[in-house]
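Enquirer: I'll drop the sequence and a predicted model, then ask my questions.
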Amino acid sequence: MSTDVTGVVVRLKLSLLRNGLRQSAGRRAAYVASAVLVLLFAALQFLGLVLLRGNAHAGSVVVLLVAVLALGWAVMPLFFPSGDETLDPTRLVMLPLRPRPLVRALLAASLVGIGPLFTLCLFAGSVIAVARGAMAYVVGVIGVVLALLVCVALARAVAAANIRLLTSRKGRDLAVLSGLVIAIGAQVVNFGAQRLGSSGLGELDPASDVLRWVPPASAIGAVESVSEGSYGVGLLQLALAAGALAALIAVWSRHLTRLMTSPDGSTLQAATEAAVRERTSTGLARFLPAGRTGTVMERSLRYVWRDPKTKAAWVTSLAIGLIVPLFNALQGTGSIYFACFAAGMLGIQMYNQFGQDTSAFWMVALTISSPRDAYVELRGRALALLLITLPYAALVTVLTTALLGDWPKLPEVLGLSFALLGAMLATGAWTSARFPYSIPQEGYKNVAPGQAGLAWIAVFGGMIAAALLCAPVIAATIWLNVSEGGDGWTWLLLPAGAAYGAAVIWLGLRLAAPRTAARLPEILAAVSKG
């Protein structure tokens, strides 16, 4: 019975892959191109691990590599729940299947795909890098199988434990944030590579000494232990990996049984909790201005908290605006002026303000009958952004200054950040009226088809214009720093930059308001295409 179920589920996985490729030529081309790139990268990694053989720190490298791959297997279902249709076991809830045969079948199906093949190549290269002697290669074969099964079972257990979340709106929000994880991971990898380039592979030894006892890295660590003649240690490391596999399968089976036998009441519960929060959430409006300004600010802040695309854009900007100056400061190659990067990243959120409304912009358009109404609308949106961006830009500047220890330059950098933020909000208000575009609610694209040119013009044209608007403050900063005795007056750049930023925002809103009021039909047509 279990063998039949396993064969059926594996064939089902192959059919899903085959039928997905039949949908369009573009999808086939994308799949083939990605498969070729992944396999090429896997071959290069395999070759690099083989060439690492004989290095004194090869064991540390492979142990950390296995641990990172296992972490990737654990988090991938959270950010890409639709990448594998068999990850959702609730689709099989109507079939008369028992947990144990279903677990074995899904585990076998999980081994089909590019991801398991990529992982297998890296694990095999890791074994070759550290194995010495026939017994080490025998242990290596067992270790590779155990490590691969642990990774697959880990992904399945995480997916089964969070499947209700992953199929909800919050799960879609989580998937949209995958780009942020990739960006942060790239910065961490870059930082680690620079540290290794300057200090050598010996920096990895302390971490690997701990991770070689953590499954599935312990399965590959056992190969090195056996190669050194420590057969008892190697056997214990293999036993840890086998125990972890058994525990993951038990956890996965328990979650699977609960999913297959209990009703899904998450939607009703979520609706009830949301209704309670809606009735009691009056604290925000209490602190906002009265009238239309406060209403617009509250609506904009709710977009930031609830809309998946808006939330993803904000979280990405907040994280990257903090990571770039701080990581450069930690590496010793940064400048205190890199703190202005946070103001630039956050100011981008003012661009295409009406695009986040999509077709619902018609309700906003009905309330605008004059340039004055448009000005109040744009002012409310700008104030909502300032509630977040102003203190955050100041925080990033203070943290960067603390890491570099250059406190005398703090006032001038704060002034530059505030001036840049004001210029970004001013140009963002104007481009929102002049170059609006639609933001699709489904998928990962942030621009509707045919409107990519508008997005490029709006963002990059606005950024260039904002930089030009900041030219007076930048020129004043340079002049005070190069002139004799000017260092004692750089503190004036803080109030001057803040005042200049406020004046630029006011001017930008004044110029954008008449254009917004005159182009309401065009704006509605542009933002409704997604």
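Expert: Here it is on my side, so go on. Bear in mind that the values here come from a model prediction, so they are computed numbers and not experimental data. Residues are numbered from 1 along each chain as shown.

Enquirer: got the contact list for residue 392?
Expert: 318, 321, 342, 346 (C-beta atoms under 8 Å, 6 or more residues apart in numbering). In short, each C-beta sits where N, CA and C put it, glycine included.

Enquirer: and the first one, what does it touch?
Expert: The reference is to residue 318. 345, 346, 392.

Enquirer: Which of the residues you listed sits closest to residue 515?
Expert: Nearest to residue 515 among the contacts of residue 318 is residue 346, at 23.8 Å by C-beta to C-beta.

Enquirer: Report the secondary structure element holding that closest one.
Expert: Per DSSP states H and E, residue 346 falls inside helix 340-347.

Enquirer: State the mean pLDDT of the following helix or strand past that helix.
Expert: Proceeding C-terminally, helix 340-347 gives way to helix 361-366 as the next helix or strand, assigned by DSSP H and E. Helix 361-366 carries an average pLDDT of 90.

Enquirer: that older thread, now, which of the contacts of residue 392 sits nearest residue 253?
Expert: residue 318 (39.5 Å).

Enquirer: Test for you: state the pLDDT assigned to the closest one.
Expert: 85.

Enquirer: out of the contacts of residue 318, who's nearest residue 425?
Expert: Nearest to residue 425 among these, with distances taken as C-beta to C-beta, is residue 346, at 9.5 Å.

Enquirer: give me the element the residue found closest to the closest one once you drop the neighbours it is linked to in the chain is part of.
Expert: Closest residue to residue 346 apart from its sequence neighbours, by C-beta to C-beta, 6 or more residues apart in numbering: residue 389 at 4.0 Å. Element membership of residue 389, judged by DSSP H and E, is helix 371-404.

Enquirer: Show me which residues of that helix are buried.
Expert: 371, 373-386, 388-390, 392-394, 396-397, 399-401, 403-404 (16 or more other C-beta atoms under 10 Å).

Enquirer: repeat for stretch 465-478
Expert: Buried, per 16+ other C-beta under 10 Å, within stretch 465-478: 465, 466, 469, 470, 473, 474, 476, 477.

Enquirer: from these, which single one is nearest residue 220?
Expert: residue 466 (50.7 Å).

Enquirer: Tell me where the protein has strands.
Expert: Under the criterion DSSP state E, the chain carries no strands.

Enquirer: Just the CA trace of stretch 413-425, in PDB.
Expert: Extracted C-alpha coordinates of stretch 413-425, given in PDB (Å, rounded to 0.1, in the frame of the first residue of the first chain):
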ATOM      1  CA  VAL A 413      24.900  65.100   8.300                       C
ATOM      2  CA  LEU A 414      21.500  65.400  10.000                       C
ATOM      3  CA  GLY A 415      20.900  68.700   8.100                       C
ATOM      4  CA  LEU A 416      21.800  67.000   4.800                       C
ATOM      5  CA  SER A 417      19.500  64.100   5.500                       C
ATOM      6  CA  PHE A 418      16.600  66.400   6.400                       C
ATOM      7  CA  ALA A 419      17.200  68.500   3.200                       C
ATOM      8  CA  LEU A 420      17.400  65.400   1.100                       C
ATOM      9  CA  LEU A 421      14.200  63.900   2.600                       C
ATOM     10  CA  GLY A 422      12.400  67.200   2.000                       C
ATOM     11  CA  ALA A 423      13.500  67.200  -1.600                       C
ATOM     12  CA  MET A 424      12.500  63.600  -2.200                       C
ATOM     13  CA  LEU A 425       9.000  64.300  -0.800                       C
END
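
Enquirer: Run the chain-centre distance for that stretch.
Expert: On the basis of C-alpha atoms, centre = their mean, to the nearest Å, stretch 413-425 sits 26 Å off its chain's mean C-alpha point.

Enquirer: State the mean pLDDT of it.
Expert: 92.

Enquirer: Report the buried residues of that stretch.
Expert: For stretch 413-425, by 16+ other C-beta under 10 Å, it's 413-425.

Enquirer: Stretch 235-250 too?
Expert: Buried-residue list, stretch 235-250, by 16+ other C-beta under 10 Å: 237, 238, 240, 241, 242, 244, 245, 248, 249.

Enquirer: Give me the contact list for it.
Expert: Contacts of stretch 235-250 (C-beta under 8 Å, 6+ apart): 103, 107, 139, 142-143, 146-147, 149-150, 153-154, 156-157, 212-213, 215-216, 218-219, 221-222, 225.

Enquirer: Apply the buried test to those residues and list what passes.
Expert: 103, 107, 139, 143, 146-147, 149-150, 153-154, 156-157, 212, 215-216, 218-219, 221-222, 225.

Enquirer: and residue 506, how many neighbours?
Expert: 15 (other C-beta atoms under 10 Å).

Enquirer: what about it, distance to residue 350?
Expert: 14 Å (C-beta to C-beta, to the nearest Å).

Enquirer: can you check residue 457 too?
Expert: 15 Å.

Enquirer: More neighbours: the two, which one.
Expert: Using other C-beta under 10 Å, the more surrounded residue of residue 457 and residue 350 is residue 350, with 28 against 14.

Enquirer: Alright, I will stop here.
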